[in-house]
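Novice: Sequence unavailable; structure follows:
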C-alpha cells in the first residue's frame, strides 16, 4: 500500500518545477492521500483490497504529471485589486466555456439552449462566452494536438544585428506549451525572451559564439497571445525558435 | 447521450470547474477558518450535497497559488491524528477579493439567467 503511494509521490516530486518547495508539497499531498485511504477503511481490509483502494484513491486524485504541471502555472487564481477580480474570474470561465460551445455549436445549436437550461446557470456562462469568443475559439477547437504555433528560423551567413518582436497564440484548450530552441552560433550573440500573455517571462536565454545547443522546455499554458523577442548581436550561424501546444481538442 | 454531446458536456464541466475551484476554495477557507486541504474538500463536498466534485489533487496547486497571490496564508499544525497538516486561512486581501468576486459572480449568473430566460421565451413564442 505504502509503496504505491510513495511511487506516486516520487513521480510528482520528479516533475515539480525547480522553484517549488518540494518537501512541503509532497508532505501535504501524502497526508491527504493517507487521510482519504483511511476514510475508505483500508487499514481493516485485506492486502488485495487495500491495494485496490489505494489505486482508486490515486486515480481520483489525478495524474501525477498533471498535478505537477499545475504547480508550474504561476497565473494567480484571483487578483487582489478591485475590478480585476471579476475580470480574471469571468475571463477564466468564459474562455473555458467558449471552447466547448465553439466545438459543438455547429452541430448542437438547436438543442444547445435546452441543454444549458438543464445544467443551469453555470452552463449558461458558456453561451455568453461562446457568443463573445466564438470565431477565435472555434478555430482553435478544431485543431489537433500537438500543433506548431510558432516557427522562427534564420541562417545568418553575414552577421545579423537586429531585434525581432513576434507573437503567437495559445488556445484555451492547451495542456502544455513546448518551447524549443536550436542554436549553432559561430560568432556573436543571440538572445531569446518569451513572455506569456500576463507578461511573465517563460524563457530567457542568451547564446554566444561556440554554442551548439538544442533544448526543449515544457511550460504550463496560459491562454492568449505570447510574445517573443529575438535579439541578434553580430550573430553568425543558425537560430531556430519553435513553440508548439499539446492538448488542443 | 451521443458521443458529441457527452464530450461537450464533459468538457464544459471540466473547464468551468477549472475556472471556479479557486473561488470555491477561497470561499470555503473564509467560512471555515483555518483548515487543511483534506478538510476543505470534505466541507466542499458535503456542503454542496456532492454536487461539486473535482479531482482532489487539483486543489493543492490552486491553494499554493492562492497563497502566492497573498489571498491566504498557511501554517503547519497538528492534525486530528497522524502527522502535522498544512492549514490555510484567508488574509484581509483574500476576504476583500472574495467579496468582490462573489458579487461579480452573482451578477454574471443573474445576467446569464436573464439571457437564457429571454432566449427560451423567444424560442417558444410563435
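Specialist: Thanks, I have it. Everything numeric in this text was worked out from a predicted model, so none of it was measured.
Novice: residue boundaries of the strands in chain B?
Specialist: B:35-36, B:72-77, B:85-90 (DSSP state E).
Novice: Nearest to chain A, out of the ones you listed?
Specialist: Proximity to chain A (CB to the nearest CB) singles out strand B:85-90 among the strands of chain B, at 4.7 Å. Glycine gets a C-beta too; all of them are placed from N, C-alpha and C.
Novice: Go ahead and name everything in contact with that closest one.
Specialist: A:24, A:27-28, A:31, B:26, B:29-30, B:33-38, B:40, B:63, B:66-67, B:71-79, B:98 (CB atoms under 8 Å, 6 or more residues apart in numbering or on different chains).
Novice: quick one: buried residues of that strand?
Specialist: B:85-88, B:90 (16 or more other CB atoms under 10 Å in any protein chain shown).
Novice: Could you do stretch A:58-69 as well?
Specialist: Here stretch A:58-69 shows A:58, A:61-64, A:66-69 as buried, counting by 16+ other CB under 10 Å.
Novice: again with stretch A:157-166
Specialist: residue A:160.
Novice: just stretch B:33-48 next, same as before
Specialist: B:34-41, B:44.
Novice: Can you pick out the most distant pair from the buried residues of stretch A:58-69?
Specialist: Spanning the widest gap among these are A:58 and A:69, at 16.7 Å by CB to CB.
Novice: May I ask you to name the longest helix in chain B?
Specialist: helix B:92-124 (DSSP state H).
Novice: What angle do strand B:85-90 and that helix make with each other?
Specialist: 70 degrees (axes from the mean of the first three to the mean of the last three CA atoms, to 10 degrees).
Novice: could you say what helices and strands helix B:92-124 packs with?
Specialist: helix A:84-119, helix A:121-141, helix B:3-32 (3 or more CB pairs under 8 Å, 6 or more residues apart in numbering or on different chains; DSSP states H and E).
Novice: What are the buried residues along that helix?
Specialist: B:94, B:96-98, B:100-102, B:104-105, B:108, B:112, B:116, B:119.
Novice: any idea how far residue A:18 lies from residue A:51?
Specialist: 33 Å (CB to CB, to the nearest Å).
Novice: Neighbour count for the two, which is higher?
Specialist: residue A:51 (15 against 6; other CB atoms under 10 Å in any protein chain shown).
Novice: any idea which helix or strand carries the more buried one?
Specialist: helix A:47-61 (DSSP states H and E).
Novice: which other residues reach that helix?
Specialist: Outside helix A:47-61, the residues that reach it (CB under 8 Å, 6+ apart) are A:1, A:4-5, A:8, A:29, A:32-33, A:36-37, A:40-43, A:45, A:67, B:55-57.
Novice: No further queries at this time; thank you.
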